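Novice: heads up, no residue letters with this:
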């Protein structure tokens, strides 16, 4: 019974202390309503494109490693080795497509920014 009362008192103590965490100690509350800060829409789009293409490039590199692992652990089995080679080739093609998409999107955004008279950087 003593253990239950100790746990209950600890829980009551934590519950009583929670309102103290709600105080604002110099936190910057000068944020905009939409949550994007002071970035322009062009900068947000460029950052989003870079983030998505970066994730896709990371996935392609991981697939290259997985294909290499399959190829190296095939132990002479031609089907497994060919499967690993296909994964590597597909991942390299995917990485090239991601790099081309990044270059094209960067070019397109810079052309659009130049036409509208804005800056993306």
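Specialist: Perfect, thanks for sending it. Please read these numbers as outputs of a predicted model, since none were measured by experiment.
Novice: can you tell me which helix in the chain is longest?
Specialist: If you go by DSSP state H, the chain has its longest helix at helix 78-116.
Novice: Give the buried residues for that one.
Specialist: 81, 84, 87, 88, 91, 94, 95, 98, 102, 105, 109, 113 (16 or more other C-beta atoms under 10 Å). In this view, the C-beta of every residue, glycine as well, is placed from N, C-alpha and C.
Novice: pLDDT (mean, whole number) over that helix?
Specialist: On average, the pLDDT along helix 78-116 is 90.
Novice: Show me what it is packed up against.
Specialist: The helices and strands touching helix 78-116, judged by 3 or more C-beta pairs under 8 Å, 6 or more residues apart in numbering; DSSP states H and E, are helix 41-72.
Novice: Of all the residues in the helix it packs on, which ones are buried?
Specialist: 42-43, 45-46, 49, 53, 56-57, 60, 63-64, 67, 70-71.
Novice: Compute the inter-axis angle for that helix and helix 78-116.
Specialist: 170 degrees (axes from the mean of the first three to the mean of the last three C-alpha atoms, to 10 degrees).
Novice: What is helix 41-72 packed up against?
Specialist: helix 78-116.
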